[in-house]
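1. quick one, structure for this:
(chains A, B and C, ligands or ions: 2)
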Amino acid sequence: MKDKTCLSLWQVAMTYNLRAPDGTVTDLEAIREVTHELRMGEFVTIIGPSGCGKSTLLEVIAGLRKASGGEVYIWDQRITGPHPSIGMVFQEESTFPWRTVMENVEFGLEVRGVPKKERQKTCQRIIEIVGLHGFENSHPNALSGGMKQRVAIARALATDPEIMLMDEPFGALDQQTRLFIGQELLRIWEETGKTILFVTHDINEAVYLSDRVLVMSHRPSVVKAVVEVDIPRPRDTSTITLERFHELTSALWETLRVESEKALGITKTEVHI
Amino acid sequence: MPETYPKIKPQWVQWSIIVGSVLILEALSRGGLIRRTILVPPTEMVYTLAGFIVANQVTPHFIRTMVETFSSFAIAATFGIGIGIFFWKFIRIGKMFEPYIVSIYAMPLVLFYPLLLIFLGLGSPPIIFITTITSIIPIILNTTIGFREIGEVLHKVAKSNRCTPWQTFSKVLFPAATPFIFTGLKLGFIYALIVTIGMEFILTDLGLGFQVHQYYDFFNSPAMYAYIVLNLLIAVLANALLFRGEGAVRRERA
Amino acid sequence: MRAVGLPRRVGAEQQWVIPAGTIVIGLVAVILWSLLAASPVGWVVASPLRAVQIMINGLVGPNPMILPHAVSSFSAAFIGFGLAIVVGVTWGIFLGISWYWRTVWEPIILSAYSIPKIILFPIFLFILGIGLWAQVSMAFIHAVFPIIVNVMTGVKEVNTTHVKVGHSFKANPWQMVTKIYFPSIALSLVVGLRMGFSFAILGVVLSELFASREGLGRLIMRRYAVLDINTMYAAILLLFLVAFAGNVLFWALEKKLRGTR
Ligand SMILES: Nc1ncnc2c1ncn2[C@@H]1O[C@H](COP(=O)(O)OP(=O)(O)O)[C@@H](O)[C@H]1O
Ligand SMILES: [Mg+2]
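-> Ligands and ions are numbered 1, 2, ... in the order given. Next up is the predicted model:
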């Protein structure tokens, strides 16, 4: 089963139409072309300079946004809208402050009409997997940033999606917390056997977590490099001290540096306009 | 610069100010510095009020004022939330109405009383009408803002969970907007109370506001002050309760 | 090397749509008003055209019967509003700066904000007697609380990092006020002024309906009593125009300030 393709991106492209109040429309070509395949159970990370279209790509896969070109398939079904087998964790804080942790996690099953008893049983298990046991009845505001992201992860896991899309879920956390919650994520991934497509701007995080890293270029973006991470699993927080880890991160930085410079250069000229 | 402030608890100072003012008024009045027709001693205000309450004299006026306030508020809440949602959904229409909506506060609507008399007759209906229009404004504005301020990510969460439009509204958007809506309702209620009492004071022949007017006309200062005190107490109490409620709503969410 | 195509024009999203809509709504209101004036209830409603005519005549005509009342009402409103600005801004700044005194006064001020102030009018009549100053007092107590509350909130919420930046550049107190504090609280101040202005006019008119020597509120009542509906509506129209104009002016300023953040 492990090598069966479950998600394929074929020449996905995205051009935004920026509409100014005076009625002029300008095209912004964010993604030129992304083609890639994910096999079941893989952990793949996308890394790229900010503004290169990582969130855009994930939203296209999640069916939240229509691509301007190309196709996305889950198994052999073409994606045209949100798909029940895809769960998403967003970059921004997205838990519902008016619901308890349990009620947050129940959300997906609730909208699918799963009876309360049944969904609470499922969600209890998920809450334990993400390590929030004991906080079922807390409101998100009583939790730390890292715990809120666990709630968001649990909410996405609860509907048992085949594929999890995670858009910089730990972006707001500090370095140490990130490392430990990353380790937790690896454990959750192993326990649930999900296919994960993960976005980050952090090279260490990318290497530490994934089977494979895609480096996206500055926009209009293409996949600039694909790096297989051959560090054996299970990995833990000490992985980052390995020689191989440094080789891979250095190689990735070399590729990424050029793109980030382009991104910053562009930002500078944009400021002057 | 860190603030240096007195060691006394602020609550103590607060109560000293309130109690102190009352005592000063008492002294000024009893000491004959201010004529009794102008200022009745506060103890006498309360005594007179207690007398009215015991004699069951207050009840019909109290009921009238409450009925007017609550019915105006109920109508304003129902339509205000609806209109607020409409102005959020149809944002341009909302913007077109905005200058008028924000200006209604400034309009002395009571001037249309003669016209309302013809359509609605004597008594409560014209008052409820004017009160409703004033009370509805903060409800509309806050509802619209509440929905407008919802982060895009919550819309995305709803969509990626494939919520139906009704589920999106009832399970995500409406709860997300509730703190703002509650603030609107709080203001709406306070305005309803203020306007009802004010209208009664100027226009009618029944209600707590009217009692102040009546005893002013009768040159009965103790009775007039008694009713002023009662009106103030009701407003202050309503305000305090609503602020508590608002705090509770916000603590859970913010 | 920008990944941006050539700009092109499309017809949609014109900026005049919303103001045009606002004007259309105003026109519809005027038409409805005309219909009402022409209907069986027309004996208590003057037509808009008549009202405008009489208003202009009453203000600048050879025998200006509205003018003295307008002067009386608006001077009461503006004096009261002016006093409310002085007192409200001072208090607002003081309470905004001092945590301690804010804790002491905030509940008292919020309670005062929520009371029906018009019922205090008899007390002011006792003290000040019937006349301009009684109306001024009503304008003042209606206007002062929204100003205090908004200025206080504005000052309280000034970004402390901005204040530190100011100090780190060794800005003197005057520069701190003009370059850091004032721009930070400008929006709240304008919101407070808009509400204060509206409530000042309201306070004057309401109290004039109760007791006054002259003023638009009194004129309206008198004219209604003798069923001179035209003059009555001319005075109502004048009041509404001034209240609306002032309100929209402050509100436009508010939107402009909001736009810069
Ligand atoms: N809704 C949108 N409309 C127009 N442009 C957008 C929109 N969303 C993103 N963009 C633009 O597309 C580019 C890619 O954005 P995004 O996918 O958020 O990048 P990333 O997540 O890699 O930082 C950016 O230049 C951004 O400004
Ligand atoms: Mg992003």
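2. okay, how far is it across stretch B:214-224, tip to tip?
-> 8 Å (C-alpha to C-alpha, to the nearest Å).
3. hmm, that stretch in reach of chain C?
-> Yes. Counting by C-beta under 8 Å from any C-beta of the partner chain, chain C has neighbours in stretch B:214-224: B:Tyr216, B:Met224. Yep, even glycine has a C-beta here, placed from its N, CA and C like the rest.
4. so for A:Val199, what's the pLDDT?
-> A:Val199 carries a pLDDT value of 96.
5. could you do C:Met65 as well?
-> pLDDT, C:Met65: 91.
6. next: the one 4 residues further on.
-> Each residue has a pLDDT score; the one for C:His69 is 96.
7. what does the stretch 101-250 of chain A have sitting close to chain C?
-> Going by C-beta under 8 Å from any C-beta, the residues of the stretch 101-250 of chain A near chain C are A:Arg219, A:Pro220.
8. where does pLDDT dip in the stretch 101-250 of chain A?
-> Nowhere does the stretch 101-250 of chain A drop to pLDDT under 70.
9. all helices of it, in order?
-> For the stretch 101-250 of chain A, applying DSSP state H, counting those that start in this stretch gives helices covering A:101-111, A:116-129, A:145-157, A:175-192, A:203-209, A:243-272.
10. which residue is the nearest non-sequential neighbour of B:Ala106?
-> C:Ser198 (3.4 Å; C-beta to C-beta, 6 or more residues apart in numbering or on different chains).
11. after the host helix or strand of that neighbour comes which helix or strand?
-> According to DSSP states H and E, C:Ser198 maps onto helix C:182-210. Downstream of helix C:182-210, the next assigned helix or strand under DSSP H and E is helix C:216-225.
12. that following helix near chain B anywhere?
-> Yes. Contact of helix C:216-225 with chain B (C-beta under 8 Å from any C-beta) involves C:Gly217, C:Ile220, C:Tyr224.
13. how much space between the second one and C:Trp101?
-> To tie it back to what came earlier, the one meant is C:Ile220. 42 Å (C-beta to C-beta, to the nearest Å).
14. and the last one, by the same measure?
-> Here the distance between C:Tyr224 and C:Trp101 works out to 47 Å (C-beta to C-beta).
15. circling back to that earlier point, compare C:Ile220 and C:Trp101 and say which is more crowded by neighbours.
-> C:Ile220 (25 against 18; other C-beta atoms under 10 Å in any protein chain shown).
16. B:Ala50: neighbour count?
-> With other C-beta under 10 Å as criterion, B:Ala50 counts 11.
17. ok, then the element right after the helix or strand that contains it?
-> Using DSSP H and E, B:Ala50 sits in helix B:42-54. Using DSSP H and E, the helix or strand that follows helix B:42-54 in sequence is helix B:59-89.
18. can that next one be said to contact chain C?
-> No. Applying C-beta under 8 Å from any C-beta, one finds helix B:59-89 separated from chain C by no less than 10.3 Å.
19. in that helix, which residues are buried?
-> Within helix B:59-89, the residues scored as buried using 16 or more other C-beta atoms under 10 Å in any protein chain shown are B:61-62, B:64-65, B:68-69, B:71-73, B:75-77, B:80-81, B:83-88.
20. and the residue of the stretch 151-261 of chain C found nearest chain A, how many neighbours?
-> Per C-beta to the nearest C-beta, C:Gly259 is where the stretch 151-261 of chain C lies closest to chain A, at 11.8 Å. Residues near C:Gly259, counting by other C-beta under 10 Å, number 7.
21. now swap in A:Ser250 and tell me
-> 10.
22. that one and B:Leu187: what is the separation?
-> Distance of A:Ser250 to B:Leu187, computed by C-beta to C-beta: 60 Å.
23. now do the helix holding B:Ala50 and helix B:59-89, the angle between them.
-> 90 degrees (axes from the mean of the first three to the mean of the last three C-alpha atoms, to 10 degrees).
24. work out the gap between helix B:42-54 and the centre of the chain.
-> Centre-to-centre, helix B:42-54 and its host chain are 25 Å apart (C-alpha atoms, centre = their mean, to the nearest Å).
25. follow-up on the earlier one: dump the residues of helix C:216-225 next to chain B to TSV, plus pLDDT and distance to C:Phe126.
-> Below are those laid out as TSV (pLDDT from 0 to 100; distance: C-beta to C-beta, whole Å):
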residue	pLDDT	distance to C:Phe126
C:Gly217	94	20
C:Ile220	93	25
C:Tyr224	90	27
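26. distance to B:Ala27 for those - can I get that in CSV?
-> CSV is the format used below for the residues of helix C:216-225 next to chain B (distance: C-beta to C-beta, whole Å):
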residue, distance to B:Ala27
C:Gly217, 36
C:Ile220, 42
C:Tyr224, 45
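27. quick one, longest helix in chain B?
-> Across chain B, the longest stretch assigned as helix under DSSP state H is helix B:221-253.
28. mind listing what the closest residue to chain C within the stretch 151-273 of chain A touches?
-> Using C-beta to the nearest C-beta, the single residue of the stretch 151-273 of chain A nearest to chain C is A:Pro220, 4.6 Å away. Contacts of A:Pro220 were listed using C-beta atoms under 8 Å, 6 or more residues apart in numbering or on different chains, and they are A:Glu29, A:Ala30, A:Ile31, A:Arg32, C:Ala3.
29. of the residues you listed, grab the buried ones for PyMOL.
-> Selection of buried members from these for PyMOL, criterion 16+ other C-beta under 10 Å:
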select buried, chain A and resi 29+30+31+32
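30. quick one: residues contacting the residue of the stretch 151-261 of chain C closest to chain A.
-> Applying C-beta under 8 Å, 6+ apart, no residues contact C:Gly259.
31. show me which residues of the stretch 101-250 of chain B sit near chain C.
-> So the stretch 101-250 of chain B meets chain C at B:102-103, B:105-108, B:110-111, B:114-115, B:118-119, B:190, B:193-195, B:197-198, B:201-202, B:209, B:212-213, B:216, B:224, B:227-228, B:231-232, B:235-236, B:238-240, B:243 (C-beta under 8 Å from any C-beta).
32. least confident secondary structure element in chain B?
-> Between all helices and strands in chain B, the lowest mean by mean pLDDT, DSSP states H and E belongs to helix B:113-120, at a mean of 88.
33. angle of it against helix C:216-225?
-> Going by the same axes, to 10 degrees, helix B:113-120 makes 50 degrees with helix C:216-225.
34. let's have the helices of the stretch 101-250 of chain A in JSON lines, adding distance to B:Asn161.
-> Below are the helices of the stretch 101-250 of chain A laid out as JSON lines (distance: least, C-beta to C-beta, whole Å):
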{"stretch": "helix A:101-111", "distance to B:Asn161": "5"}
{"stretch": "helix A:116-129", "distance to B:Asn161": "13"}
{"stretch": "helix A:145-157", "distance to B:Asn161": "9"}
{"stretch": "helix A:175-192", "distance to B:Asn161": "18"}
{"stretch": "helix A:203-209", "distance to B:Asn161": "25"}
{"stretch": "helix A:243-272", "distance to B:Asn161": "33"}
